[in-house]
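Novice: one predicted model, sequence on top.
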Amino acid sequence: MSDSNKKPNILISSCLLGNPVRYNGTDLLIDHPLFKKWQDHDQLVAVCPEVEGGMPVPRAPAEITKGDGKTVLSGKSRVIDAEGEDVTNAFIRGALKSLKTALDYNCVAAILTEHSPSCGSNMVYDGTFSKTKREGVGVTTSMLEQNHIPVFNQEQLEDLAEYLDSGAYLDVKTD
Ligand code: SF4
């Protein structure tokens, strides 16, 4: 049977889909009609970059020391966990695997968890472990955006619906 009517796929943070993969073993399940619609249409492709990068659940929380995910990908910053361990490589590995998943499933956009050092898209914690945030994106968000996959957070589902309805993703050039 043809799947020409299949709606576009959306990458989503696994914790937003209800999987208990956060650093403290909890989830952040979304409760929203748009989310349920996309789920019913089988459009959501779950990924947890930190687990994909090889990190356990639970794990020590981690923060980007300076700048944001872009700075980490350019080699000018690191991701350090609350125990002082440098987990930068795991974060980059997770970002690469998440990008591969997005490309393998032809995801046209992503819904990622705000404030996470992997998944944040507006603000991230500032590296002081004092609950202070600064403007910036997570490592996986940066990886996706550099590859023309727009990232929305869990408070921006209407914006994502508008983006999908506009068909703008059909014009995205990837070369
Ligand atoms: Fe959720 Fe992203 Fe953190 Fe995984 S890395 S628990 S998907 S916010």
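Specialist: Sure, I can see it.

Novice: all helices of this protein, in order?
Specialist: 33-40, 49-52, 69-73, 88-104, 139-146, 157-166 (DSSP state H).

Novice: what residues does the chain have near the ligand?
Specialist: Contact residues, the chain versus the ligand (CB under 6 Å from any ligand atom): 13-15, 21-22, 48-50, 113, 116, 118-119. (Glycine included, C-beta is placed from N, CA and C.)

Novice: run through the bridge partners of Cys107.
Specialist: Asn9 (DSSP bridges).

Novice: model confidence at it, what's the number?
Specialist: Predicted confidence (pLDDT) for Cys107: 98.

Novice: ok, now which ones touch it?
Specialist: Each residue near Cys107 by CB atoms under 8 Å, 6 or more residues apart in numbering is listed here: 8-11, 45, 101, 149.

Novice: okay, now the nearest residue to Ala110 once chain neighbours are set aside: neighbour count?
Specialist: Spatially, and ignoring its direct neighbours in sequence, Ala110 is nearest to Leu11 (4.0 Å; CB to CB, 6 or more residues apart in numbering). Applying other CB atoms under 10 Å, we find 24 residues neighbouring Leu11.

Novice: can you give me every residue that contacts the residue lying closest to Thr128 once chain neighbours are set aside?
Specialist: Excluding the flanking residues, the one nearest Thr128 by CB to CB, 6+ apart is Glu63, at 7.5 Å. By CB under 8 Å, 6+ apart, Glu63 lies in contact with 79-80, 117, 124-129.

Novice: for Glu63, list each beta-bridge partner.
Specialist: Following DSSP bridges, Glu63 is listed with bridge partners Ile80.

Novice: mind checking how far it is from Leu144?
Specialist: Here Glu63 is placed at a distance of 20 Å from Leu144 (CB to CB, to the nearest Å).

Novice: Leu170 now?
Specialist: Noted for Leu170: a distance of 18 Å to Leu144, by CB to CB.

Novice: more crowded one of the two?
Specialist: Ranked by neighbour count (other CB under 10 Å), Leu170 and Leu144 place Leu144 first, with 28 against 8.

Novice: mind checking pLDDT for that one?
Specialist: pLDDT at Leu144 comes out at 98.

Novice: follow-up on the earlier one: gap between the residue nearest to Ala110 and Val47?
Specialist: For Leu11, the distance to Val47 - CB to CB - is 6 Å.

Novice: one step back: rebuild the residues of the chain next to the ligand as TSV, extending it with pLDDT, distance to Pro56 and neighbour count.
Specialist: Converted to TSV, the residues of the chain next to the ligand look like this (pLDDT from 0 to 100; distance: CB to CB, whole Å; neighbours: other CB atoms under 10 Å):
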residue	pLDDT	distance to Pro56	neighbour count
Ser13	98	17	30
Ser14	98	14	22
Cys15	98	15	25
Val21	98	10	24
Arg22	98	12	21
Cys48	99	11	25
Pro49	98	14	32
Glu50	98	9	30
Thr113	98	18	22
Ser116	98	16	29
Ser118	98	15	32
Cys119	98	18	34
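
Novice: all set, thanks.
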